[in-house]
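Chemist: Structural data only, the sequence is not supplied:
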């Protein structure tokens, strides 16, 4: 969980990254930036800030901010109700992001999982994304990512997003963030 | 049709708009910007410059440039092979764009169709998109759009794109641009 003050601070901080990336948001979008702590209450290390532009039955587009070294923890998008699961493309717009998927493990990975939760990071094939770089993930592919030392802004283009259906490796994770006064 | 020189010039000019919008493209993307004259040979007035980031069976993302007052002519995305047709969201990133769809006609529309081709512009409900504004079109909806006096950069988030299946109101239009030496 995060406090209302942490939420407000994280939103302001995310706005600064959007500004650096040259991404214009409406006042309504600015005021409703989603701040996800994945239930671990350690936003600086495990977390994500995002704006969902559109999410219909068929397709979805989001803009993601990662603070410096912030990690989106390992998860995958399973088939749901006859849908094969979410397919997504990450395109780096600003900063640097390290994406991990199944495959040959990186001998010296650029990212380090959040301390104490290493057991829940199991895929280590590394893809480095700098501005203009992108990578497309098939449904049901375990993945996690971490920003570099400057943070990152990443566009996500995908099929329908069903966050509540995502499966996380770490059993303590809750996708829906609780905000307390 | 356009000449190879016109193609090169339009690509360079589009790059300048991407730069203004803060959008970073890879060298490969920069070198392969698609320039569409829709077969009319009048690129300044009827045309579009675009980069396709991803286009899978399920979803697609593109970045569009319109030069000042350049028009993407009226067309729609019909059902194809059991697919209900392309659904798309336009999000303005830079400049200003006037989008027209079926509905109550604008009494004083901001856009004027290219001279001589007015008959092929039949929908006049106006949506003005400035940076941060967006609009989602259902499949099979006739639409056209024109940039304002400064030009525009627009992100498109959609289901699979099948340009060859698009239907244009103007019978002289050919979606695939021919480039001559």
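Modeler: Looks like it came in fine. Quick caveat: nothing in here was measured; it's all calculated off a predicted structure.
Chemist: Count residues in the vicinity of the closest residue in space to residue A:175 that isn't next to it in sequence, would you?
Modeler: Closest residue to residue A:175 apart from its sequence neighbours, by C-beta to C-beta, 6 or more residues apart in numbering or on different chains: residue A:163 at 5.2 Å. C-beta coordinates here come from the backbone N, C-alpha and C atoms, glycine included. Residue A:163: 15 surrounding residues under other C-beta atoms under 10 Å in any protein chain shown.
Chemist: ok, now how distant is residue A:163 from residue A:86?
Modeler: As judged by C-beta to C-beta, to the nearest Å, residue A:163 and residue A:86 stand 9 Å apart.
Chemist: rewinding a little: can you give me the pLDDT of the residue nearest to residue A:175?
Modeler: Residue A:163 is assigned 90 on the pLDDT scale.
Chemist: cool, and residue A:81?
Modeler: 87.
Chemist: Also the one 5 residues further on?
Modeler: In the prediction, the pLDDT value recorded for residue A:86 is 97.
Chemist: who's in contact with it?
Modeler: Residue A:86 is in contact with A:60, A:77, A:139, A:158, A:159, A:160, A:161, A:162, counting by C-beta atoms under 8 Å, 6 or more residues apart in numbering or on different chains.
Chemist: Was I right to think the second one contacts residue A:163?
Modeler: It stands for residue A:77. No: counting by C-beta atoms under 8 Å, residue A:77 stays clear of residue A:163, with 9.4 Å between them.
Chemist: ok so, going back, closest one of the contacts of residue A:86 to residue B:151?
Modeler: residue A:60 (27.9 Å; C-beta to C-beta).
Chemist: dump the residue contacts of the closest residue to the closest one other than its chain neighbours.
Modeler: With C-beta to C-beta, 6+ apart as the criterion, residue A:60 has its nearest non-adjacent residue at 4.3 Å, and that residue is residue A:161. Going by C-beta under 8 Å, 6+ apart, residue A:161 touches A:52, A:55, A:60, A:62, A:86.
Chemist: From the structure, what's the count of residues near the first one?
Modeler: It stands for residue A:52. Residue A:52, neighbours per other C-beta under 10 Å, totals 16.
Chemist: Bridged to it, which residues?
Modeler: Assessed by DSSP bridges, residue A:52 has beta-bridge partners residue A:62.
Chemist: Tell me how far it lies from residue B:54.
Modeler: For residue A:52, the distance to residue B:54 - C-beta to C-beta - is 18 Å.
Chemist: what does residue A:106 give?
Modeler: 24 Å.
Chemist: Looking only at neighbour counts, state which of those two leads.
Modeler: Shown here are residue A:106 and residue B:54; by other C-beta under 10 Å, residue B:54 has more neighbours (18 against 15).
Chemist: mind checking how far the more buried one is from chain A?
Modeler: Distance, residue B:54 to chain A, by C-beta to the nearest C-beta, to the nearest Å: 5 Å.
Chemist: for that residue, what are its contacts?
Modeler: Applying C-beta under 8 Å, 6+ apart to residue B:54 gives the contacts A:89, A:134, A:136, A:157, B:60, B:61.
Chemist: Same check on residue A:98?
Modeler: By C-beta under 8 Å, 6+ apart, the contact set of residue A:98 is A:109, A:110, A:111, A:126, A:127, A:128, A:129, A:145, A:146, A:147, A:148.
Chemist: tell me what the helix or strand hosting residue A:7 is packed against?
Modeler: If you go by DSSP states H and E, residue A:7 is part of helix A:4-20. Judged by 3 or more C-beta pairs under 8 Å, 6 or more residues apart in numbering or on different chains; DSSP states H and E, the packing partners of helix A:4-20 are helix A:27-31, strand A:34-36, strand A:48-55, strand A:60-66, strand A:88-101, strand A:143-158, strand A:179-180.
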